[in-house]
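Novice: Just a sequence and a predicted model for now, questions to come.
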Number of protein chains: 2
Amino acid sequence: MVRGSYAKGIAKRAEILEVALDVVAEMGCRNAPNVEIARRVGLTQAGLMHHFGSREELYMAVLRARDERDTEAHWINEPNFAGFLRVIEHNTTVPGLVQLYVEFSAEASIGKHPAHEFFVERYEWVRQSTKQAVRVAQDSGEFGPNVDADIVADLVVATADGLQQQWLLDRSIDMVARLQTLWNGIATLSKLPREN
Amino acid sequence: MVRGSYAKGIAKRAEILEVALDVVAEMGCRNAPNVEIARRVGLTQAGLMHHFGSREELYMAVLRARDERDTEAHWINEPNFAGFLRVIEHNTTVPGLVQLYVEFSAEASIGKHPAHEFFVERYEWVRQSTKQAVRVAQDSGEFGPNVDADIVADLVVATADGLQQQWLLDRSIDMVARLQTLWNGIATLSKLPREN
């Protein structure tokens, strides 16, 4: 009986996240998406919060679910810069999730916020993924030896975040093209002798 | 008499902005800074809103006042990349203003938001300033001829925004050093023959 309701809780949570990904992608995190999420899964707002505890926990779960989905769809089969760009390209189809990410990460940054650790760990993960893309590029000969993977990771991740912010305001910005230009520039520099 | 109260209104608005810059720098834009701003200037919250109309108008005015102050302190005498870096360095002393900027610009990006135009214009201004820094670098010989100022502006502004977001979560990130590395890389690339 306990096991049955536990399993049901897990299933309901998964259903809510599935719906929340769609609702936030459409509406962003303002304009009471909670109300719409609750409506679509047939719960009251209190019922929704029963499954997640708080608005912050719900949003963290949404961002985690999004990362899992993106990893499965774009990164697992292509753990390199092309795969990274496919995630960026996909982002252009889900502006509300991009907005949630930008706004929530800023909000999580000052004072004691439940999502602070989440974002610190997420940045570490994205940085490691980018460093992996650097190694792949070196192994394939796209990059030369003269490259500091830590610095490249910081710059690529920062550029992707910053372009995202500009893109939210002006959808004509081509994030993929700009990131490709950055990457190509790093490739050229990596083949120059040191101290150049 | 009308003129007198008009002048008083302008003076009060200036006083409020002065105080708001300090309060937001300390507290960010969450945790009801309005209450604290109103308290420090001896107004009720309704009195505060009388001067700005809405929370959005107040925040836009704060961000404008901040840009004016930064321009006067760091950019006017040094309208080049060194001046740009001085503004970034100053940002590390006012985390709440950085947070306000990141969060408010994300919020302004979806749907009809009163600050949408403000941020679009502000990005244009920052981009133009960066392009000016590129021209200065070319004139001084720091940059060679092989450089697209539009792309450089997009990338430098994006990197600065993205580093800012990372820095909000992890204050050990050296935004100035990373931006200098990016700039130096662009300088090297600009001196290579085209098609390299």
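Specialist: Yes, it's here.
Novice: Quick one: distance of the helix or strand hosting A:Arg66 to the chain centre.
Specialist: Using DSSP states H and E, A:Arg66 sits within helix A:55-70. In terms of Cα atoms, centre = their mean, to the nearest Å, the centre of helix A:55-70 is set 9 Å apart from its chain centre.
Novice: Show me which positions of it end up buried.
Specialist: A:Glu56, A:Leu58, A:Tyr59, A:Met60, A:Ala61, A:Val62, A:Leu63, A:Ala65, A:Arg66, A:Asp67, A:Asp70 (16 or more other Cβ atoms under 10 Å in any protein chain shown). No exception for glycine: its C-beta is placed from N, CA and C like everyone else's.
Novice: Isn't A:His116 up against A:Tyr123?
Specialist: No - counting by Cβ atoms under 8 Å, A:His116 does not reach A:Tyr123; the two are 11.2 Å apart.
Novice: which neighbours do the two share?
Specialist: B:Leu169 (Cβ atoms under 8 Å, 6 or more residues apart in numbering or on different chains).
Novice: Give me the more crowded residue out of the two.
Specialist: A:Tyr123 (20 against 17; other Cβ atoms under 10 Å in any protein chain shown).
Novice: pLDDT score for that one?
Specialist: We have a pLDDT of 94 for A:Tyr123.
Novice: gap between the spatially most central residue of chain A and A:Ala73?
Specialist: With distances taken as Cα atoms, centre = their mean, the residue of chain A nearest its centroid is A:Asp67 (5.5 Å). A:Asp67 sits 11 Å away from A:Ala73, taking Cβ to Cβ, to the nearest Å as the criterion.
Novice: what do you get for A:His90?
Specialist: From A:His90 over to A:Ala73 the distance is 7 Å, taken as Cβ to Cβ.
Novice: circling back to that earlier point, same list, the buried residues of helix A:55-70, but only the ones touching chain B.
Specialist: Residues of the buried residues of helix A:55-70 in contact with chain B (Cβ under 8 Å from any Cβ of the partner chain): none.
Novice: could you dump those to TSV with pLDDT?
Specialist: Listed next are the buried residues of helix A:55-70 as TSV, based on pLDDT from 0 to 100:
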residue	pLDDT
A:Glu56	88
A:Leu58	91
A:Tyr59	90
A:Met60	92
A:Ala61	93
A:Val62	94
A:Leu63	94
A:Ala65	94
A:Arg66	95
A:Asp67	95
A:Asp70	94
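Novice: What is the nearest of the residues you listed to B:Arg30?
Specialist: Using Cβ to Cβ, A:Glu56 comes nearest to B:Arg30 of the buried residues of helix A:55-70, at 12.0 Å.
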